[in-house]
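Undergrad: Generate coordinates for the sequence data below:
(one chain, ligands or ions: 2)
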Amino acid sequence: MKFGYFDDQNREYVIQQPNTPLPWINFLGNEKYFGIISNTAGGYSFYQDARLRRITRYRYNNAPLDVGGRYLYIRDNKAASLGQEDYYWSPSWQPVRKDLDQYQCRHGLGYTTILGKKNDLICEGSYFVPLNQDFEVWRFTLKNQRKQPADLSLYSAVEFCLWDAADDQNNFQRNLSIGEVEVEDGVIYHKTEYRERRNHYSYLACSVPIKGFETQREAFLGPYRGWENPLAVEKGTTENSLAHGWQPIGAHHIRLTLQPGESQEVIFILGYQENSRKKKFSDPESQILNKSEAKSKLKMYLNSDYVVNALSELKEYWDDLLGVYQVNTPDPHIDRMVNLWNQYQVMATFNFSRSASYFESGIGRGMGFRDSNQDLLGFVHLIPERARERILDLAGTQKEDGSAYHQYSPLTKRGNDAVGSDFNDDPLWLVLAVAAYLKETEDWPILDNLVPYDNQPGSEKTLFHHLNASINFTLDRLGPHELPLIGRADWNDCLNLNCYSTEPGQSFQTTTNKGGKTAESVFIAGLFILAANEMVKISKFRKDEISVNRYQKAAEKMELSIWEHGWDGEWFKRAYDDAGAPVGSRSCAEGQIFIEPQGFCIMAGLGLRNGKARMALDSVNERLATEHGIVLQQPAYSKYYLNLGEITSYPPGYKENAGIFCHTNPWIMIAEAMLGEGKKALDYYHLINPSVREEFSDLHKCEPYVYAQMIAGRDAATPGEAKNSWLTGTAAWNFLAISQWILGIRPDYDGLIIDPVIPEEWNGFQAVRKFRNVTYKINVSRIGQGDDLKISIDGKHIRGNIIKRVPRDLSEIEVDVSIGSVT
Ligand code: BGC
Ligand code: NOJ
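TA: Ligands and ions are numbered 1, 2, ... in the order given. Next up, the predicted model:
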């Protein structure tokens, strides 16, 4: 069953009924001011950091689902006076949830529009954050389709968060006494804690004169009432309450009469503003907010022309970004994911890491070191300058011994001490991120950029030094089989081989009660080889022969250790536990084969020539592949194993315990593509592709336009049911698998590789790739069977599959690729 459809032309997903299986969301904002918005206008906004600068309040995991949002109520005053039912409603359905005669939500690139019609009144709201601004705009157009005038009251409503979202839901003895607001010219200013150390405030403004307002929540809702039936709306009144403590909100009351056929536009602006410390107050002796910055923005943006213009600028911005990689293939699911939604999701993961979504509460996790490096792999082609900045931020949190804080705060850019380090895979991901950045940009000087360790002034060393420290970190921590020690966990956060936890509530990842000198990871070994191979190539470019040799030797040695101790006969083992027993081996009772080392060892080049890669991938196909995707391991763990940790805490089939952990599936797609098996790679690609899964949205449950972290596996009670949509490494890796490996358009250090491995039944495809200031217009046509390639540029045949140099004066080239051989 579907709940909407893709409008590919307009680059929107259209939702046709409000009660989707879960809230289906979109992200607003570009660099600093962000919001999350659901298809019924739920969600919240924040500035830079979803925990420390939360602007509006949201209640996670509530019943009904999705409480808290950017709400609008329409009250039909005449119907109310006649005692008719349904005289007020929300055009976004929530929070009132009265049936609408028509409903449609369109999630687009950085904006959402929600249309609700009831009793011949149409209201369409568009929500977005203009480029480079620290506020969001809600633009409503109301139209009266009746034959009589409509006498209406409109109410806006947001609930302000007292900034630190964790404290906001925790420290009530204080928080219920600190709320403060000011109201001036109809603008509601939220200024809790401004009197002391904060120098930021938020505001909600409206483009039309108001009849009244409320800023005290209970004055608006009435005691023991919820957002679905506020007393103020029920009665059609407002008391102009000023919040002192309790729960500050922003609610305007607007009266309007619409003649038959008449439309009116009402714009609201919800914004965040910082003042310089010296100019905090309007008069230094007063406690009155200095509102001049907000006022000058409102002067412009409460005005329709500015808003219309800002929305079209936003659309142009996305057109430009997405123009870097566009394809036209015989497969609509590929086209819409690659051209649009997958790249859009990659941007969200780059912006938020794993911090704020409908599954990440915005208070628990900052920017993940491992996560951000991987997100960057799929993002770097979009805005290389931001990728550069991110790389330097990440490297700046690295410690001198190469270790990395597992997370850092995007606001302070400091490592998170509570989570600390010792996830032994972390440092190596930095090498992959820098390699991807160099391949995209050729910005070799970045390697000589000075970056501090642990943000300590005076500790600056070159970025290359940091990369070397990453490699050394692994080499300094090898275990009994000369394989890397796993530490708290590797990519699989739940494989906790050094935490024998018997106490409920203990953190599996940060409680470490084993020596840490025995448990080893074959996954890290594969990742290490991949990273070391990149270091070999990077060092070659730097003409640093000593490093070339060193990294080459280290990679070769690690490969020997894998073949000796990490190969299980038909697949790669996963790890060794603290007792030195193998994990992910035929000899285990459960968890005999894991997906991660198959993907990583093969991506690192192992077994490509001796048949073992094929053997491992056949084992994956036989033991792990299911109709909904490839599960993480088999057999699922049926009970809790003290020596394995959180992975065995999950009921079978969910999350890391044999769920389809979608992040890992593209590794297998890439491995198949490396072996020339485009068809197999594409078959796997289809299984987890959200657009393909749209047909059975009632089972899948999550949004059909973005990847979810996990789809329940075959051992689960609900196979095929997805969870944790949006913020997952699945986005970046799937983009890589399809765009770089299956379609085969892949940046390398010295040029653009064109190496498609497409199914026999495809006649070809076209692509446009902007790369290092040149637009490559690529036309691939199949002329026979197989993957043999012939490439010509502007009509001239070239040797090999890499386009190295394009004459300087050319900004656009035509690349013709014929694939297959004529027999
Ligand atoms: C989840 C992992 C996640 C980890 C973060 C675990 O509960 O299963 O997917 O990476 O928490 O700490
Ligand atoms: C989600 C985490 O964000 C990611 O870092 C980790 O690799 C996976 N879970 C697997 O555990």
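
Undergrad: Any residues of the stretch 551-700 of the chain in contact with ligand 2? List them.
TA: Applying C-beta under 6 Å from any ligand atom, one finds that the stretch 551-700 of the chain approaches ligand 2 through residue 656. C-beta here means a position set from N, CA and C on the backbone, and glycine is covered the same way.

Undergrad: Could you report the neighbour count for the residue lying closest to residue 634 once chain neighbours are set aside?
TA: For residue 634, ignoring the flanking residues on the chain, the nearest one in space by C-beta to C-beta, 6 or more residues apart in numbering is residue 623 at 5.1 Å. Using other C-beta atoms under 10 Å, residue 623 is surrounded by 17 other residues.

Undergrad: what bits of the stretch 501-650 of the chain have low per-residue confidence?
TA: Scanning the stretch 501-650 of the chain for pLDDT under 70 picks out no residues.

Undergrad: Identify the residue of it closest to ligand 1, quick one.
TA: residue 509 (5.4 Å; C-beta to the nearest ligand atom).

Undergrad: Would you confirm that that residue contacts residue 496?
TA: Yes: contact criterion C-beta atoms under 8 Å: residue 509 and residue 496 qualify, at 6.4 Å.

Undergrad: tell me which element the residue of the stretch 501-650 of the chain closest to ligand 1 falls in.
TA: For residue 509, there is no enclosing helix or strand under DSSP states H and E.

Undergrad: and the closest residue to it other than its chain neighbours, how far is that from residue 472?
TA: Distances taken as C-beta to C-beta, 6+ apart put residue 488 closest to residue 509, at 5.2 Å, once the chain neighbours are dropped. Distance of residue 488 to residue 472, computed by C-beta to C-beta, to the nearest Å: 19 Å.

Undergrad: Low-confidence ranges, the stretch 51-200 of the chain, go.
TA: For the stretch 51-200 of the chain, no range has pLDDT under 70.

Undergrad: Who are the packing partners of the longest strand along the chain?
TA: Longest strand in the chain, counting residues (DSSP state E): strand 150-163. Packing partners of strand 150-163 (3 or more C-beta pairs under 8 Å, 6 or more residues apart in numbering; DSSP states H and E): strand 54-56, strand 71-76, helix 77-81, strand 135-144, strand 200-206, helix 231-235, strand 248-258, strand 263-274.

Undergrad: Just checking: what are the partner strands of it?
TA: Strand pairing for strand 150-163, determined by DSSP bridges: strand 54-56 (antiparallel), strand 71-76 (antiparallel), strand 248-258 (antiparallel).

Undergrad: Between strand 263-274 and the longest one, find me the angle.
TA: Interaxial angle of strand 248-258 relative to strand 263-274 (axes from the mean of the first three to the mean of the last three C-alpha atoms, to 10 degrees): 160 degrees.

Undergrad: Distance from the chain centre to strand 248-258, please.
TA: Mean-position distance between strand 248-258 and its chain equals 34 Å (C-alpha atoms, centre = their mean, to the nearest Å).

Undergrad: Enumerate the positions of that strand that are buried.
TA: Across strand 248-258, burial judged by 16 or more other C-beta atoms under 10 Å covers 248-256, 258.

Undergrad: any chance of those residues in CSV, plus pLDDT and distance to residue 607?
TA: Formatted as CSV, the buried residues of strand 248-258 follow (pLDDT from 0 to 100; distance: C-beta to C-beta, whole Å):
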residue, pLDDT, distance to residue 607
248, 98, 61
249, 98, 61
250, 98, 61
251, 98, 64
252, 98, 65
253, 98, 69
254, 98, 68
255, 98, 73
256, 97, 70
258, 98, 70
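
Undergrad: Just put the residues you listed in TSV and tack on distance to residue 217.
TA: Below are these laid out as TSV (distance: C-beta to C-beta, whole Å):
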residue	distance to residue 217
248	7
249	5
250	10
251	9
252	14
253	15
254	19
255	22
256	25
258	29
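
Undergrad: how about a markdown table for the residues you listed, with distance to ligand 1 added?
TA: Output for the buried residues of strand 248-258, formatted as a markdown table (distance: C-beta to the nearest ligand atom, whole Å):
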| residue | distance to ligand 1 |
| --- | --- |
| 248 | 33 |
| 249 | 33 |
| 250 | 35 |
| 251 | 38 |
| 252 | 41 |
| 253 | 44 |
| 254 | 45 |
| 255 | 50 |
| 256 | 49 |
| 258 | 51 |
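
Undergrad: returning to that earlier point: among the helices and strands packed on strand 150-163, which comes closest to residue 92?
TA: Of all the helices and strands packed on strand 150-163, strand 71-76 sits nearest to residue 92, with 6.8 Å by C-beta to C-beta.

Undergrad: Now that closest one - C-alpha only, CSV.
TA: Output of strand 71-76 as CSV, limited to C-alpha atoms (Å, rounded to 0.1, in the frame of the first residue of the first chain):
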residue,chain,number,x,y,z
TYR,A,71,0.8,24.7,14.4
LEU,A,72,-1.9,26.7,12.9
TYR,A,73,-5.6,26.6,13.8
ILE,A,74,-8.4,27.9,11.7
ARG,A,75,-11.6,28.9,13.5
ASP,A,76,-14.8,29.6,11.6
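
Undergrad: between that strand and strand 135-144, how big is the angle?
TA: Going by the same axes, to 10 degrees, strand 71-76 makes 20 degrees with strand 135-144.

Undergrad: contacting residues around strand 71-76?
TA: 41, 84, 87-92, 94-96, 118-119, 121, 123, 125, 138, 140, 142, 150-158, 227, 230, 233, 236 (C-beta atoms under 8 Å, 6 or more residues apart in numbering).

Undergrad: again, but for stretch 432-441
TA: By C-beta under 8 Å, 6+ apart, stretch 432-441 touches 372-374, 376-377, 380-381, 384, 387-388, 391, 394, 443-444, 446-447, 463, 467, 530-531, 534, 537-538, 747-749, 771-772.

Undergrad: Mind checking if it is in reach of ligand 2?
TA: No: counting by C-beta under 6 Å from any ligand atom, ligand 2 has no neighbours in stretch 432-441; the shortest distance is 13.5 Å.

Undergrad: Where does the stretch 651-800 of the chain get nearest to ligand 1, which residue?
TA: residue 655 (4.6 Å).

Undergrad: which SS class is that residue?
TA: coil (DSSP: H, G, I helix; E, B strand; the rest coil).

Undergrad: Hmm, it is touching residue 712, no?
TA: No: between residue 655 and residue 712 there is no contact under C-beta under 8 Å: 9.0 Å.

Undergrad: Not counting residues beside it along the chain, what's closest to the residue of the stretch 451-600 of the chain found nearest ligand 2?
TA: Nearest residue of the stretch 451-600 of the chain to ligand 2: residue 493, at 3.6 Å (C-beta to the nearest ligand atom). Nearest residue to residue 493 in three dimensions, chain neighbours excluded: residue 509, at 5.9 Å (C-beta to C-beta, 6+ apart).

Undergrad: Can you pull the residues of the stretch 401-550 of the chain lying near ligand 1?
TA: Near ligand 1, when you scan the stretch 401-550 of the chain using C-beta under 6 Å from any ligand atom, you find 493-494, 509.

Undergrad: out of the residues you listed, which are buried?
TA: Buried among these by 16+ other C-beta under 10 Å: 493-494, 509.

Undergrad: Quick check: residue 133 vs ligand 1, distance?
TA: Residue 133 sits 33 Å away from ligand 1, taking C-beta to the nearest ligand atom, to the nearest Å as the criterion.

Undergrad: OK, contacts around that residue?
TA: By C-beta under 8 Å, 6+ apart, the residues touching residue 133 are 33, 271, 297, 301, 310.

Undergrad: show me the contacts for the fourth one.
TA: Counting by C-beta under 8 Å, 6+ apart, residue 301 makes contact with 130, 133, 135, 137, 267, 269, 307, 310.

Undergrad: let's see it at 6 Å
TA: residue 269 (C-beta atoms under 6 Å, 6 or more residues apart in numbering).

Undergrad: Let me know the pLDDT of it.
TA: Note on residue 301: pLDDT of 97.

Undergrad: about what we covered before: what does the longest strand of the chain contact?
TA: 54, 56-57, 71-73, 75, 77-78, 144, 168, 175, 190, 192, 233, 236, 248-258, 268.
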